[in-house]
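Student: How does the following fold in three dimensions:
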Amino acid sequence: MSFTLNAPVHSAQTLKKSRFIGCVEPAADRAAALARVAQLRAEHPGATHVCWALMAGGHSAANDDGEPGGTAGRPMLEVLRHHDLEGVLATVVRYYGGTPLGAGGLVRAYTDSVAQALLGADKVAVIRWQVLRCVLPYALEGWLRRELDSFSASLAEVQHGDGVDVTLRVPESNAAALVARINDAGQGRVLWPDAEDADPA
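Tutor: Numbering: from 1, shown residues only. Below you'll find the predicted structure:
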């Protein structure tokens, strides 16, 4: 299961006079991540580096921002991956203190900045939703409304015509079971206007 964050979390540490300011926060995609990184650059004009890593499906990316290759962005991304995070941006602003840390020291510094921030994170499960639409007899409308809670589903739209045309929102993991339950109760009287809805698997 993947998780995202409710709110940004921060960390700060000083190593050999270099300051590392970490932040981990929700970010939907690369455009949002780049906008946030640009904002940090504006807020920290004296910073030597603003390194970042984004874990967001096909938008995932990592950037060392001038640090030696593979010492910042990629290790930060690995921390996000290790925590099963999705739709999350990690940034570390570095103010160079004049003493080189070496490749191993840099990897530890950037990794620790992200890991320390995550110690205070409020993680929430990422739920992938599926929309289902069916037409059922009027006699089943009340029954369906009562059943939805047990599948963590909700009514998105209801229209009354020859039958009750309902659009449901349900977690993907519960969709197949809900369809089976509705079909079982309907005994062949439930219509699924979109063929793919009838078999969400």
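
Student: Show me where this structure has its helices.
Tutor: Along the chain, counting by DSSP state H, helices occupy 30-43, 73-82, 102-118, 141-147, 172-186, 195-198.

Student: where are the low-confidence patches of this structure?
Tutor: 195-201 (pLDDT under 70).

Student: Break it into its domains for me.
Tutor: 3-125, 129-198 (automatic domain parsing).

Student: So which residue of this structure lies furthest out from the middle?
Tutor: Relative to the mean C-alpha coordinate of the chain, counting by C-alpha atoms, centre = their mean, the farthest residue is residue 162 (40.4 Å).

Student: What count of nearby residues applies to residue 114?
Tutor: Each residue near residue 114 was counted by other C-beta atoms under 10 Å, and the total is 28. C-beta here means a position set from N, CA and C on the backbone, and glycine is covered the same way.

Student: Quick check: it vs residue 31, distance?
Tutor: To residue 31, residue 114 is 21 Å away according to C-beta to C-beta, to the nearest Å.

Student: The residue farthest from the centre of the chain - nearest residue in space that isn't next to it in sequence?
Tutor: residue 135 (7.8 Å; C-beta to C-beta, 6 or more residues apart in numbering).

Student: My guess is the one you found contacts residue 165. True?
Tutor: Yes. Residue 135 is in contact with residue 165 according to C-beta atoms under 8 Å; the separation is 4.9 Å.
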